[in-house]
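>>> here's a sequence, model it:
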Amino acid sequence: MGANGARSVNDPGFVIIGRNEGARLALSIDSVQRETSLVVYVDSGSSDGSVSFAKARGLPVVELDPALPFTAARARNAGFGWLMRCHPELEFVHFIDGDCELVPGWLDRAMLAIRSDDRLAAVCGRRRERDPKASPYNGLCDHEWDTPIGLRETCGGDALFRTAPLRSVGGFREDLIAGEEPDLCHRIRKRGWLIRRIDADMTVHDAAMTRFSQWWQRNRRSGYATAEALALRGKGNRPLCKAAASNVLWALPPMWILWPLLWFRVCRRSGPMVACFITLGKIPHCQGQLQYWLRSSRGKAENRRTRLIEYK
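As a prediction, the model looks like this:
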């Protein structure tokens, strides 16, 4: 990378997305600008001065039209589109959420990995929670971010991508309120590309979850995404079918008497706290799935009105 944030011709462009991230956005922008000067910020209707702050830091800003539903996918596509229009020669783009801070040294590791294998469409690393001990919900997020190393089926919202495969599949599906990354990676892998998780710290995330209601809402959103992914990829997708069926089965009141069996099975793998929340989480996951199926039964017009399921 160029010294002191100066850009070289081989650097990736960065897309930062945000909605009312406050001080977290400042950390995110500063961490990226230490690596490169080619950064665009995309805002989804913030009311906390995020747009003015990003402009004051010298960033070009794309403000999404509030007439259409806000989604992270739509924001990422808008930022990627801006980069491609202004810098069509770009080979790589790095997405990062506005509540995340880029870890020093990550970008060099990621670029080395993606350039070493022409089959790689994307490279991601370890996202860590900023304060995992602040609440059990933050700790659960940190556990979730600890994904296996090697070739993977998907990555998260923070990742380095080649621009060619992104263009070839038309980017993210903008109508997805969650689960847009697995959907994108599924379509990219169908074209023969690979996704790799390398052994390196990538970003520091700030979930800022302190209330049980936030945890519940986040799991409801995840359940909604599971049902929508199943609808998009077909009922022959065994992992998604298994996940959806498990959520429904274990959420049924007659099955609650058997929850100790589920808890014990998860506890052996992930410990008692994670087991408690995964077991209880079957209910909001099922709630999210039912919400998607109900909206689907009302037709496409209802689905187009779907808004974000926010937990912050």
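>>> chain neighbours aside, what residue packs nearest to Ala75?
Ile17 (3.9 Å; CB to CB, 6 or more residues apart in numbering). (Glycine included, C-beta is placed from N, CA and C.)
>>> what residues are bridge-paired with that neighbour?
Ile17 forms beta bridges with Val42, Asp97, as assigned by DSSP bridges.
>>> pretty sure it sits against His94.
No - Ile17 lies out of contact with His94 (CB atoms under 8 Å); the separation is 11.9 Å.
>>> elements contacting the strand or helix carrying Ala244?
For Ala244, the enclosing helix or strand under DSSP states H and E is helix 238-251. In this structure, helix 238-251 makes packing contacts with helix 212-233, helix 282-297, judged by 3 or more CB pairs under 8 Å, 6 or more residues apart in numbering; DSSP states H and E.
>>> list the buried residues for it?
240, 243-244, 247-248, 250-251 (16 or more other CB atoms under 10 Å).
>>> may I have it exported as PDB, CA atoms only?
Extracted C-alpha coordinates of helix 238-251, given in PDB (Å, rounded to 0.1, in the frame of the first residue of the first chain):
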ATOM      1  CA  ARG A 238     -29.900 -29.800   2.200                       C
ATOM      2  CA  PRO A 239     -28.000 -27.500   4.700                       C
ATOM      3  CA  LEU A 240     -30.700 -24.800   4.400                       C
ATOM      4  CA  CYS A 241     -33.500 -27.300   4.600                       C
ATOM      5  CA  LYS A 242     -31.900 -28.800   7.700                       C
ATOM      6  CA  ALA A 243     -31.500 -25.400   9.300                       C
ATOM      7  CA  ALA A 244     -35.000 -24.200   8.600                       C
ATOM      8  CA  ALA A 245     -36.500 -27.500   9.800                       C
ATOM      9  CA  SER A 246     -34.400 -27.400  13.000                       C
ATOM     10  CA  ASN A 247     -35.600 -23.900  13.800                       C
ATOM     11  CA  VAL A 248     -39.200 -24.900  13.400                       C
ATOM     12  CA  LEU A 249     -39.000 -28.200  15.200                       C
ATOM     13  CA  TRP A 250     -37.100 -27.000  18.300                       C
ATOM     14  CA  ALA A 251     -39.300 -23.900  18.600                       C
END
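>>> any chance of the helices and strands packed on helix 238-251 in a markdown table, plus mean neighbour count?
Shown next, in a markdown table, are the helices and strands packed on helix 238-251 (neighbours: other CB atoms under 10 Å):
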| stretch | mean neighbour count |
| --- | --- |
| helix 212-233 | 20 |
| helix 282-297 | 19 |
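>>> quick one: closest of those helices to Ala134.
Nearest to Ala134 among these is helix 212-233 (12.4 Å), distances taken as CB to CB.
>>> contacts for the closest one, please.
137, 140, 173, 176-179, 182-183, 186, 209, 237, 240-241, 243-244, 247, 277, 281, 284-289, 291-293, 296, 309-312 (CB atoms under 8 Å, 6 or more residues apart in numbering).
>>> now do the helix or strand just after the helix holding Ala244, average pLDDT.
Next along the chain after helix 238-251, taking DSSP H and E as the criterion, comes helix 259-270. Here helix 259-270 scores 95 as its mean pLDDT.
>>> same check on stretch 185-203?
Stretch 185-203 comes out at a mean pLDDT of 97.
>>> kindly report the same for stretch 291-311.
69.
>>> contact partners for the residue nearest to Ala75?
So, once contact is read as CB under 8 Å, 6+ apart, Ile17 ends up touching 41-44, 72, 75-76, 79, 95-98.
>>> what's the separation between it and Gly170?
18 Å (CB to CB, to the nearest Å).
>>> with Ala121 instead?
On the measure of CB to CB, Ala121 and Gly170 end up 14 Å apart.
>>> among those two, which residue is more densely surrounded?
Neighbour tally, Ala121 and Gly170, criterion other CB atoms under 10 Å: the higher count belongs to Ala121, 26 against 11.
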